[in-house]
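1. what would the 3D arrangement of this be:
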Amino acid sequence: MPQRSFTTPLIGRDDELARLAGILERARNGSGQAVLVAGDAGVGKTRLLDEVAARAAEGGATVVVGHCVDLGDVGLPYLPFTEILGVLAGDERFAGILGAHPAVARLLGAASDSSRDADARLRLFEGVAALLAELAAAAPLVLILEDLHWADQSSRDLLRFLLSRGVLPRRLAVLASYRADDLHRRHPLRALLAELVRLPGVERLEVRPLADAEVARLVRVLEERPLSEATVRDIVERAEGNAFYTEELVAAADADGMPAGLADLLLIRVEQVSQTAQQVLRTAAVAGRRVGHDLLRDAVGLPEEELEAAVREAVGRQLLVAGDGDTYAFRHALAREAVYGDLLPGQRARLHGTYARLLAARGGGAETAAERAHHYRESHDLPEALAASV
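-> Numbering: from 1, shown residues only. This is a model prediction of the structure:
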């Protein structure tokens, strides 16, 4: 049962807490409920669910958490559900109920191979559903499934079965979180989510980025020593409402550049795309937060079709977003900062020089002077940087 041992304060989540509290109250009063909690990585989904779980437990509910884990193509069948059943099996209060349901032994015994045929799977799913209904009848039950974007096929199928039965068991609440920014166009979870949100008793809750004022409050609470207003403003601007990024930037407030751990985390997503898409992202990072299509095409030196395919891949992976005026921008400024910081010094200088020459060749006047001066300076062409500055 969750304990209140939070290290990060919960700031700016009053609306989300109120909505989830209402959902849990309806479940406690006999109406089964399910919520799909969406949000970008690091925005604060887990912290929000921790708070909800603690409050539900204090109100007398049984709260159990199951985690999905990124195991690539291998995947462990029913992993979050076996974790949940394992916790329940270790609680002597439920020994009698669990002992009456063979599905528990089958899952905990990792006997999933025996459930490959349709009949066996149906019996397994019905057994789990009956078990949860009986547990919820004994006391309000809250199931929390973390990181649903990593769930394997069997776990997705079992969740679909539990939520698609028309009516969820009385006094059962299912809260399932997933990273919205991980759902590329071909992600297997996308189709399931579109199906689930149409079901009765299933809602979607988006955990939005924090407002600037809320990030500033979080910075002040995280750091006991006084920080200058300039430092706070810099963290607020760079974090862009992401609670985890805020924590990392506060912890490294005295260091130059980006924290190494945060940079590694951001670069993992970049490394998951093709080499051509990575080349486009590195070239775009040198241009700045936003770059026009034609300028990017000329700088990266790819044929139009290859460029479009690479950009589409980066947009599909939610690393870039398409903007107005035929432009592209990094979805998060820190992603651009991480990619830029990962460039070799010579590579960085070469790309800056490329942008400077392209802008100059286009006859850019005063409107691009500052941009040209920046690129010339970073490419170590100081005479041209001075001329553009003047």
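
2. what's the first-to-last distance across stretch 327-338?
-> 20 Å (CA to CA, to the nearest Å).

3. give the other helices and strands that the helix or strand hosting residue 34 contacts.
-> Here residue 34 sits within strand 33-39, counting by DSSP states H and E. Packing partners of strand 33-39 (3 or more CB pairs under 8 Å, 6 or more residues apart in numbering; DSSP states H and E): helix 14-28, helix 45-58, strand 172-179, helix 188-196, strand 202-206. Using the backbone N, CA and C atoms, a C-beta is placed for each residue, glycine as well.

4. can you pull the pLDDT of the closest residue in space to residue 27 that isn't next to it in sequence?
-> If the residues on either side of it in the chain are set aside, residue 27 comes closest to residue 173, at 3.9 Å by CB to CB, 6 or more residues apart in numbering. For residue 173, the pLDDT comes out at 95.

5. residue 173: how many residues sit nearby?
-> Neighbourhood size, residue 173 [other CB atoms under 10 Å]: 28.

6. just use 25 as the starting number from now, easier for me
-> From this message on, residue numbering opens at 25, which makes the last subject residue 197.

7. how about the contacts made by it?
-> Contacts for residue 197 were tallied using CB atoms under 8 Å, 6 or more residues apart in numbering; they are 47-48, 51, 56-59, 80, 85, 164-167.

8. recalculate using a threshold of 6 Å.
-> 48, 51, 57, 166 (CB atoms under 6 Å, 6 or more residues apart in numbering).

9. show the contacting residues for the residue nearest the centre of the chain.
-> Against the mean C-alpha coordinate of the chain, by CA atoms, centre = their mean, the closest residue is residue 65 at 2.5 Å. By CB under 6 Å, 6+ apart, the contact list for residue 65 reads residue 203.

10. quick check: the closest residue to residue 378 other than its chain neighbours vs residue 257, distance?
-> Of all residues not flanking residue 378 in the chain, residue 323 sits nearest, at 5.2 Å (CB to CB, 6+ apart). In this view, residue 323 and residue 257 are 31 Å apart by CB to CB, to the nearest Å.

11. more neighbours: which of these two?
-> Neighbour totals were compared for residue 323 and residue 257, and residue 323 leads with 20 against 14 (other CB under 10 Å).

12. rewinding a little: give me phi/psi at the residue nearest to the centre of the chain?
-> Main-chain dihedrals, residue 65, degrees, to the nearest 10: phi -60, psi 130.

13. any idea how far it is from residue 297?
-> In terms of CB to CB, residue 65 sits 16 Å off from residue 297.

14. circling back: what sits opposite the residue nearest to residue 51 in the beta ladder?
-> Per DSSP bridges, the residues bridged to residue 197 are residue 57, residue 166.

15. domains of this protein: list them as residue ranges, please.
-> 38-230, 236-280, 291-413 (automatic domain parsing).
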